[in-house]
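[1] below are the sequence and a predicted model for it; my questions follow.
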Amino acid sequence: MFRKSYAIIEIAVVEGIHDGHLTIRGGFFALMEGKQPMPERSNGCSECFTDSSMPPTMTRGKRHDCLFDTSDSQSPVSFQNHNLTKGPYAMLRMMTLVLKPLTLLLTCCIGAGVAWSADEYDYDLVHSSVSFKARHLDISWIHGRFNDVSGKFIIDRDDVTKSSFQLTIKAESVDTANPARDEHLRQPDYFDTKQFPTIEFKSTAVKAIEDGFEVTGDFTMHGTTKKIVVKLMGGKEIESRGVKRVGFSTELKLKRSDFNFDKSGIGAIGDEAIILIDCEGMRK
Amino acid sequence: MPDPFQYMIALLAAFTASFLAIFISQLAMRATIPSLARFVFMVGLVLGLLTGYRILGFELRWPPVNALDRFLMIVLPAAMIVEFIGVVRVPDNQHNFLFRFSSFCAATVRFAFIVSVGRVLWHDSVYLSSVESNTNDWSPFIVFGVLLSGAALLYAALRSSMILAFRGVSASLTAGLVMSLLATGMVTMLAGYIKGGAAAMPLAGGICGAALALWMAGKKTGPATSHVQFLIGISVTALFSLLWIGRFFGQLTTFDVLMIFLSPHCCWLSEFWPFRDYSNNYRMVIRMAAVALILLVVLFFKWQQFMQKMIPLIAFQAE
């Protein structure tokens, strides 16, 4: 014969293992329900249970009058005439019903949390820059930058292939130190910022190389997506004032004509543009 | 860099192609089925436009990715179909059920088209995507209001143009629309959107060529009303679309857009006192002068802005 048993357990959410130390992000309490062999009755009632070490048997809200004598001083707990539809037992039952699916869900999360040892960094706009330069009349370079950039890097030191890099540039934030030219660049002949408000990069594969990572990903600009490979140099992590930082640098060459920029806009300004990315990621 | 010589060639090529195609077809098909004649007229105009855009080097890709592509590949062909349906009537008296039904269908299609022009041109742009993601300074109420205002403006302009055409002002109105299209092209280019401005040139040339062919072919009997109606409908829709693109994707101001869009309706001037009592030729001069004056004022102010803002960039490039 079995009976249901309840236990409140504390579960710690493991964030990852760093330098041999277990990092715990937080914890929670969960109410677990299980079945245990029914111990022998001490008062002879099949529905009552007076073992002091265990909670009482639940009888699905059934009220019963115990025929056995439970007023024995030897019995530490008496359950004579207990109503299982009210009071703490009903509350416990209710909590079980509510918490059962939640517990299952959280258990899955814990599993995922333990298995995931990657570090997630947010793009640090203050200490990063995405700039570009393009040839002017094929004799010099015009420089510009994008002021509004966001991104996220997930770096898995144990398994680099699980790392990912994502960068979103607001095309409207183009800045070439000349407001009239910036307005011109926002127009449909160039970036067409009302139609294509963002320039995005999303990695699809990452592999480790000497002094960095080789990242393959989808680069979307001007409504056209191309697969590109960038070499992210750096990746060293340091901790400064309680904030962990990682830095990368890369340079990529793109042809504007590959991204459907209007040919009439490719004249004095060269087709090829060089994008320079120096970024820092940070996490607490 | 903009090449005025190339724009002129494109304009003249569109003019010549549509003029020749329509003039010859109108002479040859005068006695045939009216619907077929209208279809050939439409094909003649398309031929002129294609010639002009070919010279400008416009590459049309499907699916269209920007507003100008959507205008050339969806809005303009749809406008032609709507106007074609609009002029096709079951040849019977007005009390016939089929006639009334075909009129109702044509009006419904036209209404649906007018309402959807702005939305189609805005497709996938920040104006709509931000409403979906709730991350915009434009609330759904403003977006809806702007789209509705645009549709109302287009409907009013079409109605006004059709009434003017039936009052015998169609030649002046068509000339005014061609002038407005040319001004739209120049103003859009001066505001910095070169391709958007260039797109107006073949349209102006093609519509001008078609109109001239229409009036020359129907010199004795006058041009077919349905053809004129078709041409004016296309012109007004094209003007509206190019200005909408210039306003929301380029740097045209609302003032520029409204002045240019409403300028052809200055043709109403000759319909009121004291001008309505003047001779026809005099009235035509008044109409053209009124339209030209408004367009010149807009062009002048835009040129001033261009000299202030853009010339330093171009002068720098010239060095």
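    Great, that's in hand. Residues are numbered from 1 along each chain as shown, chains lettered A, B, ... in the order given.
[2] which SS state does the spatially closest residue to residue B:204 that is not a sequence neighbour fall under?
    Counting by CB to CB, 6 or more residues apart in numbering or on different chains, residue B:181 is the residue found nearest to residue B:204 once chain neighbours are left out, at 4.0 Å. Every residue, glycine included, has its C-beta placed from N, CA and C. Here residue B:181 is helix, with the state taken from DSSP: H, G, I helix; E, B strand; the rest coil.
[3] okay, now residue B:181: neighbour count?
    27 (other CB atoms under 10 Å in any protein chain shown).
[4] who touches it in this structure?
    B:200, B:203-204, B:207, B:235, B:238-239, B:242 (CB atoms under 8 Å, 6 or more residues apart in numbering or on different chains).
[5] for chain B, what are the nearby residues on the stretch 101-250 of chain A?
    A:136-137, A:178, A:180-181, A:183-184, A:187-189, A:192-195, A:197, A:223-224 (CB under 8 Å from any CB of the partner chain).
[6] next step: the residues you listed restricted to strands.
    A:136, A:224 (DSSP state E).
[7] please, a ChimeraX command that selects the buried ones among the residues of the stretch 101-250 of chain A next to chain B?
    Buried residues among those (16 or more other CB atoms under 10 Å in any protein chain shown), as a ChimeraX selection:
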select /A:181,184,187,188,189,192,193,194,195,197
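[8] not counting sequence-adjacent ones, nearest residue to residue B:202?
    Using CB to CB, 6+ apart, the closest residue to residue B:202 is residue B:52 (2.4 Å).
[9] next one: the one you found from residue A:269, what distance?
    Using CB to CB, to the nearest Å, residue B:52 is found at 26 Å from residue A:269.
[10] please apply the same query to residue B:191.
    Counting by CB to CB, the gap from residue B:191 to residue A:269 is 19 Å.
[11] compare those two (neighbour count), which wins?
    Neighbours were counted for residue B:191 and for residue A:269 using other CB under 10 Å; residue B:191 has more, 25 against 20.
[12] so who does the residue lying closest to that one once chain neighbours are set aside touch?
    Spatial nearest neighbour of residue B:191, chain neighbours left out: residue B:251 (4.2 Å); criterion: CB to CB, 6+ apart. Neighbouring residues of residue B:251 by CB under 8 Å, 6+ apart: A:183, A:187, B:191-193.
[13] okay, helices next: where are they in the chain?
    Using chain A here. A:87-115, A:179-186 (DSSP state H).
[14] that's the wrong chain, I wanted chain B
    Assigned helices in chain B, in chain order: B:4-28, B:34-56, B:67-70, B:76-87, B:97-122, B:126-133, B:140-164, B:170-190, B:194-198, B:200-217, B:225-248, B:254-262, B:280-309, B:311-318 (criterion: DSSP H).
[15] isn't residue A:156 right up against residue A:121?
    No: using CB atoms under 8 Å as the test, residue A:156 is too far from residue A:121 to be in contact (11.9 Å).
[16] neighbour count winner among the two?
    The residue with more neighbours, out of residue A:156 and residue A:121, is residue A:121; 23 against 17, by other CB under 10 Å.
[17] ok, the residue lying closest to the more buried one once chain neighbours are set aside - contacts?
    Among residues not flanking residue A:121 along the chain, residue A:281 sits closest, at 2.8 Å (CB to CB, 6+ apart). Listed by CB under 8 Å, 6+ apart, the contact set of residue A:281 reads A:121-124, A:151-153, A:155, A:245-248.
[18] quick one: which of the residues you listed is most hemmed in?
    When neighbours are taken as other CB under 10 Å, the top entry among the contacts of residue A:281 is residue A:153 (28 neighbours).
[19] what's the separation between that one and chain B?
    Here residue A:153 is placed at a distance of 23 Å from chain B (CB to the nearest CB, to the nearest Å).
[20] what pLDDT does that residue get?
    Looking at residue A:153, its pLDDT stands at 88.
[21] low-confidence stretches in the stretch 1-150 of chain B?
    Along the stretch 1-150 of chain B, segments meeting pLDDT under 70 span B:1-2, B:30-34, B:87-95, B:130-137.
[22] write out the residues of it neighbouring chain A.
    Near chain A, when you scan the stretch 1-150 of chain B using CB under 8 Å from any CB, you find B:1-2, B:57, B:61, B:65-68, B:124-127, B:129.
[23] buried members of the residues you listed into ChimeraX, please.
    In ChimeraX syntax, the buried subset of the residues of the stretch 1-150 of chain B next to chain A is picked out as below (16+ other CB under 10 Å):
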select /B:2,65,66,67,68,124,125,126,127
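[24] where exactly do the strands run in the stretch 101-250 of chain A?
    Remark: strands assigned in the stretch 101-250 of chain A by DSSP state E, counting those that start in this stretch are A:119-123, A:129-136, A:140-146, A:149-155, A:164-170, A:174-175, A:198-209, A:212-221, A:224-240, A:243-255.
[25] return the member of the contacts of residue B:181 nearest to chain A.
    residue B:242 (12.2 Å; CB to the nearest CB).
[26] now residue B:264: how far from residue B:125?
    27 Å.
[27] hmm, I was thinking of residue A:134
    Look at residue A:134 and residue B:125: by CB to CB, they are 25 Å apart.
[28] for residue B:213, same thing?
    Distance of residue B:213 to residue B:125, computed by CB to CB: 37 Å.
[29] same question for residue A:196.
    Here the criterion is CB to CB. By it, residue A:196 lies 9 Å from residue B:125.
[30] what do you get for residue B:45?
    Remark: distance between residue B:45 and residue B:125 (CB to CB) = 29 Å.
[31] give the buried residues for stretch A:215-228.
    Across stretch A:215-228, burial judged by 16+ other CB under 10 Å covers A:215, A:217, A:219-222.
[32] got it, and stretch B:262-279?
    Buried-residue list, stretch B:262-279, by 16+ other CB under 10 Å: B:262-268, B:270.
[33] average model confidence for it?
    Average pLDDT, stretch B:262-279: 85.
[34] can I get that stretch in PDB, CA atoms only?
    The C-alpha atoms that make up stretch B:262-279 are tabulated as PDB, following Å, rounded to 0.1, in the frame of the first residue of the first chain:
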ATOM      1  CA  LEU B 262      -2.800  70.900 -55.900                       C
ATOM      2  CA  SER B 263      -1.200  73.200 -58.600                       C
ATOM      3  CA  PRO B 264      -3.000  71.500 -61.600                       C
ATOM      4  CA  HIS B 265      -6.300  72.300 -59.900                       C
ATOM      5  CA  CYS B 266      -5.500  76.000 -60.400                       C
ATOM      6  CA  CYS B 267      -7.300  75.200 -63.700                       C
ATOM      7  CA  TRP B 268     -10.500  75.900 -61.800                       C
ATOM      8  CA  LEU B 269      -9.500  79.500 -61.800                       C
ATOM      9  CA  SER B 270     -10.800  80.000 -65.300                       C
ATOM     10  CA  GLU B 271     -14.100  78.600 -64.300                       C
ATOM     11  CA  PHE B 272     -15.000  81.400 -62.000                       C
ATOM     12  CA  TRP B 273     -15.700  85.100 -62.300                       C
ATOM     13  CA  PRO B 274     -14.200  87.200 -63.800                       C
ATOM     14  CA  PHE B 275     -12.100  84.800 -66.000                       C
ATOM     15  CA  ARG B 276     -15.100  82.600 -67.100                       C
ATOM     16  CA  ASP B 277     -16.300  85.300 -69.500                       C
ATOM     17  CA  TYR B 278     -12.900  85.500 -71.300                       C
ATOM     18  CA  SER B 279     -12.200  83.800 -74.600                       C
END
